[in-house]
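*Asks:* give me a model of this one.
(chains A and B)
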Amino acid sequence: LLYFLLLLDVNSTKSVVASRNQMCWENLQQSLRLTRLVNTETKTLFKEYKTYQGEAFQEGFCKAQGIRIPDPTISGLETSERIASIYTHIQAFLPHLKRVQEQQTDLQPPESPLLKKFTIVEDNSRRLAYCIENFYHSSFPNLSLPEPASGPTTLPPPQNVFQQKVYGCAVLKTYKKLLTNIINEQRTLKSRLRRPMDPIYGI
Amino acid sequence: MLAMPRLSTGPISKANPALLWLVCVVLGFSALNTPAQADPEKPQHVSLSADLARQQLLISWFGGTATTFDLIILRTEFNETVYYARVSATVNRASGEYRFIWTSDVPLECTSLSVGVRSRDGQKTSEWSQNQIQGRDFPTNSRFQMYPQDRIVPVGANTTFCCIVEEGKVFKSINYSGTEIKATRLSRRSYAATAVSQTASGTTGSNVICLSTDNKLSGAVVFVGYPPLPSNFSCETHDLVSAVCQWSKERDTHLVGRKRETVFSIMGRSCAEKSPEQKCTLRQWDGNWTLVAVNPLGRHSLTDSADISHRVSPVAPVNLTSIAHAWNATLYWEWTYSSYSSLALVCQVEITSHGNKTELFSGGGLRSVVLSDLQPDEHYRVRIRCGSQRNFWKWGNWSQVLSFTTRAYVPNPPDVWMWMNRDNTGMVVWKPLTRQQSRGRMKSYTVTFWNLEEKLHTQVVPADTYSVPFNLSQMVSFSDGNKVEAKVVANNVDRSSEPSKVPLRLIDVEPLVFSRVVYGDGGFRLNWEHNASATCSYLVEWYDALCMRDCAVDWIPLAAGSTNVSIESENFQPGVRYNFSLYSCPSDAPELIQRWQGYTQELVPSSSCHLSVSQQKSDVILTWNEIPLADRRGYLRGYNVYMNNGFQLTLLSNLSNLGMRSYTVKGLPVGSYKFTVKAYTSAGEDSGTTVSIKMEDTDDLILEILASLGMVTLLLVIATVVCFKKRKWVKNAFYPDIPEPKLPSDWSRTPGPLDVKPSLHSMVHIVERPERDPSKDALVIIPEEDEDDEDQAVGDEPVDTDEPQSLRYYNDAVDERPIRPRFPDSSFSSASSVDSANTDVTYTGIQTSCSSLVFQLDPQSSAEGHQHHSNSCGGGGGVYWPQMHPTALGDTSGPASSEPLLDSQAACSGGYKPQNSWHLDSPTQAGGNNNSLGSPVSIASTQFLLPEEEEHEGEKRASATTWFSNLLSSSRP
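*Replies:* Numbering: from 1, shown residues only, chains lettered A, B, ... in the order given. This is a model prediction of the structure:
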């Protein structure tokens, strides 16, 4: 009887793990697809953004120093830390994207397509953050997402128009890098989570 | 009061040596030139206040009673004079403060400025009173900077930008909208450049970039645009209470954003700029309005004033409904505002069916109109708008579109005609009714054939059928004088039309001759003479002239008294001949009046005539047939006959007589010729047909042949006569008589002719073996059954009965023969002959009966000249069998079967002697076990074989002489 109960318990545990991995796999697939979409949209937005900023506005201007924008590098040693880093990075960029959109609203006519693209990228970025959050919770149900180490996002002080242009360019460029890094990170995770039934290493 | 951001100002705390030197020089110079009078009071409390946006410096001081002052402004760092002038400053009487505003070309942030003020009274001046305003290029502010920022300037203005390079960096360039502009140095770190005649920028402004040598940068944005310029400002009312003011933008300001956009206001009430059609609604009708448009570059105002009754623009009618009939419809609508009930309105109804039509209606508080002149069963779309009837201002907005369909009505009678074939069959045809004519969706047509008394036949056909066939012969006997007519009724979904009738007639007269009609001005113009007595109408029908039966006829009815008509049809095709017929009284008793033929456009014939050519002595006759009517595609005008040399056509003749379809080219010398014949219409020639002929001198050739035959005949006759006359001489010369042999004993010649007959069973067969091994040459026995084929040939051979004994040759190439010839050269000669001929000679069953001595010369072997056969037989009738080589035979009837025969034959062949003596090569060999040794059958001949040519010649000679001898013999009397 004891043996039977032990066997039942083991089987039940295996079933729970399999179900959880299935959910992880689906969340990862979904977030990867969404990340790719946001990445494509951001690339388009970045390209159009530069053309909308007037003549002679070059990508090189976006290297201007003194602009506080989150680092696109995903940090952490453990998988949970890296996924949490992805989440916090996306969350940190959202206020910057919003600020840039506001600044551009003051520079573009209301019917400008650029503003619509900003809205799309922002909305999908929020969905992506939500998706990452789901993936994190499904993968690490016992962990909670940490707050950003640097605290709430700090937005730049009021700027002149040229600074706004440079700031927007830098935000989009960095966000593009972040999305590329996220995609790579998700690919790595996907390769480690080969089949839906396989447990994630390190979990 | 403008808020003026103040740069840090104050007394020079740290003496600038250059400035001090300058001031000392000026003061010293003043002291030297000033008489010993009281100097003007030195300005006190010089203060500086900068308006950075306007780049203005407000200089104020207290200066006693002086009215004029000297003002000097220098760039502090490089001590460059920017401004030096004698100024009349305004004074505040109450406070005694003097003020002067100086506008700088360069942004005040660019570098520090030193300002000196002194009082002047004529030539006397006070000491300088100084102050300094600090720029942003002071060392503690080490960052990269650029000024002015976010400046808004009008199009065409010049703007000076300055760049303060980061501490430790080296200035490189200033670019305006991607173009580098020339920069001047203001201070150690500050550089300035001016953009001139600036063009309108985009909504995000023009970028000005300052670069350092290590490609670090700072930038600024300048917005270049226009002041506002609204136009077409007017106010109107829709509800007869409020005012709606509108205006339009004359030009784009190029300025976007909260700080740059244009703000509109009417009577102090702000109007948001939201759409290209600018609009602002005011609750009450004020009667006077002022529109003010303001942006950072300027302002513009427009005014309007009007009485409300003159500015009524009715709203769009709503809730449109209709009641439709066949020919008219009533349209109803409602108004949004009850105040319209007393308003005199004029309304415009736009009716759309197959083309637009607009109708006007007017009346007080108009709410419905009757739309007339509509078509039955027609779909209409209507919309309506109204305006004030009194003091019309403008049309209001269009209502929404209302659709309705009128009811069906009685259709028009169809336009009927008929087509008659030659065999009294035909078709009743009618034209499809148009939508207006059908007055409802067509359902069917009813065709009824009548004679005067009774209905003969009724047929209902679908709405898409426009003809009904008939056979007039089967309907009525015309000998009775009865007439038949067809009546056609059109039936739509609601009603039936009045019948249209057409009399059907027999064609009993020859059709009239066609006259030609020319197509022009889009139609065939037909003219005829009016018969004054005729009161009937006319009808012209036309059809493709090629059509013979059940033709697609078209027609047009004409009014009585008509004398001409232009026939136009979109179905006319170029190159097609059309027949036109004019009938009078088409609906009662049609009578053919006149006929025409014509082409809308003549084309070149589509095919060419068939051309044939013949030679008649030295003439060439060209004949061709007629081009079929379908291929003519125009009236043939004639034929052109060309001589074709392959590269160009040479016109020989132009035959305009169409009935002449042959042409003779005369007197052509012997040679090859090509001729091309082309028919032509008014459009040109067809591609033509080409024939070729080789001319020959036929008379001389026949004469030559006849002459040659005659000569040959004559020669033959002469030769025959001569030979006949001189036959004795010829006989003696060529064939002298052979004397009779004289025998010593009583050896008389056997009386009677010698019966020389070839043995039916004797033959020589030659077998050709291409791959023959010479060492294996042998005589081959042919089986008995093959002999039949050879009999006839053998029997035909001439036989020399004078030969006393036979000479026999056989192939001696096989070494295994029982007896070798003694003379090698002769053997060799024989063998060579065999080799050269490559022939096997086979003796087969050579028999000689006792009654006949036969020397057989096989034609084949004779031709080859290799073997001679001789055979002799004793009185016992023995049979001779040739020697055979046993090993060379594959046949089963080979040596095994032949050897016994050989022995027996040898035994019975008494009286035979060989032609020549022969010797054994070797006694041993000869004395071997060869049973044939010494037998006459085993002779190896040592006689040379005749060469092939000689043999042939001999044979031929023999043959010729035999023939000639026979001729002479037969001719012998």
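*Asks:* C-alpha from now on. contacts and neighbour counts both.
*Replies:* Noted.
*Asks:* how about the secondary structure of residue 66?
*Replies:* Assuming you mean chain A. Judged by DSSP: H, G, I helix; E, B strand; the rest coil, the three-state class of A:G66 is coil.
*Asks:* actually, chain B is the one I wanted.
*Replies:* B:A66 ends up coil, using three-state DSSP.
*Asks:* run through the helices of chain B in chain order.
*Replies:* Secondary structure of chain B (DSSP state H): helices at B:17-33, B:435-438, B:629-632, B:698-725, B:727-734, B:787-796, B:824-837, B:859-864, B:895-908, B:923-926, B:948-971.
*Asks:* ok, B:G365 - contacts?
*Replies:* B:340-345 (C-alpha atoms under 8 Å, 6 or more residues apart in numbering or on different chains).
*Asks:* any idea how far the closest residue to it other than its chain neighbours is from chain A?
*Replies:* Excluding its sequence neighbours, the residue lying closest to B:G365 (C-alpha to C-alpha, 6 or more residues apart in numbering or on different chains) is B:S341, at 4.3 Å. Using C-alpha to the nearest C-alpha, to the nearest Å, we find B:S341 at a distance of 42 Å from chain A.
*Asks:* where does the chain dip in pLDDT?
*Replies:* Defaulting to chain A. Low-confidence segments of chain A, defined by pLDDT under 70: A:1-21, A:64-65, A:148-151, A:194-203.
*Asks:* actually chain B
*Replies:* B:1-38, B:64, B:273-277, B:356, B:476-482, B:506-510, B:698-699, B:741-973.
*Asks:* for chain A, what are the nearby residues on it?
*Replies:* Listed as neighbours of chain A in chain B under the rule C-alpha under 8 Å from any C-alpha of the partner chain: B:149-150, B:177-178, B:202-207, B:216-217, B:219-221, B:256-258.
*Asks:* just the buried members of those residues?
*Replies:* In these, burial by neighbour count holds for B:149-150, B:177-178, B:202-207, B:216-217, B:219-221, B:256-257, counting by 16 or more other C-alpha atoms under 10 Å in any protein chain shown.
*Asks:* so which of these belong to strands?
*Replies:* Residues from these lying in strands, with DSSP state E as the criterion: B:206-207, B:217, B:219-221.
*Asks:* B:D239 touches B:Y337, doesn't it?
*Replies:* Yes - using C-alpha atoms under 8 Å, B:D239 is in contact with B:Y337, at 6.4 Å.
*Asks:* so between those two, which is more surrounded?
*Replies:* Applying other C-alpha atoms under 10 Å in any protein chain shown to B:D239 and B:Y337 shows that B:D239 carries more neighbours, namely 17 against 12.
*Asks:* give me the phi and psi angles of that one.
*Replies:* For B:D239, the backbone dihedrals (degrees, to the nearest 10) come out as phi -100, psi 10.
*Asks:* how far away is it from B:L343?
*Replies:* 11 Å (C-alpha to C-alpha, to the nearest Å).
*Asks:* overlap of the contact sets of those two?
*Replies:* With C-alpha under 8 Å, 6+ apart, B:D239 and B:L343 have no common neighbours.
*Asks:* look up phi and psi at A:S112.
*Replies:* According to degrees, to the nearest 10, A:S112 has phi -60, psi 130.
*Asks:* show me what from chain A comes close to chain B.
*Replies:* A:52-57, A:61, A:64, A:105-109, A:160-163.
*Asks:* mind doing that once more with 10 Å?
*Replies:* Listed as neighbours of chain B in chain A under the rule C-alpha under 10 Å from any C-alpha of the partner chain: A:52-58, A:60-61, A:63-65, A:103-110, A:159-163, A:165-166.
*Asks:* narrow these to those that are buried.
*Replies:* Listed as buried from the residues of chain A next to chain B are A:52-57, A:61, A:103-109, A:161-163, A:165-166; burial here means 16+ other C-alpha under 10 Å.
*Asks:* out of those residues, which sit inside helices?
*Replies:* A:52, A:103-105, A:161-163, A:165-166.
*Asks:* and those as CSV, adding distance to B:G634?
*Replies:* Listed next are these as CSV, based on distance: C-alpha to C-alpha, whole Å:
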residue, distance to B:G634
A:Y52, 69
A:Q103, 80
A:Q104, 76
A:T105, 76
A:V161, 82
A:F162, 82
A:Q163, 84
A:K165, 79
A:V166, 81
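*Asks:* quick check: the residue of the stretch 51-200 of chain B nearest chain A.
*Replies:* Going by C-alpha to the nearest C-alpha, chain A is nearest to B:G178 of the stretch 51-200 of chain B, at 4.6 Å.
*Asks:* okay but that residue is in contact with B:A195, surely?
*Replies:* No - judged on C-alpha atoms under 10 Å, B:G178 makes no contact with B:A195 at a distance of 11.7 Å.
*Asks:* overlap of the contact sets of the two?
*Replies:* Both B:G178 and B:A195 are contacted by B:V208, under the criterion C-alpha atoms under 10 Å, 6 or more residues apart in numbering or on different chains.
*Asks:* how far away is B:F647 from B:S338?
*Replies:* 94 Å.
*Asks:* neighbour count winner among these two?
*Replies:* Remark: of B:F647 and B:S338, B:S338 carries more neighbours, 11 against 6, as counted by other C-alpha under 10 Å.
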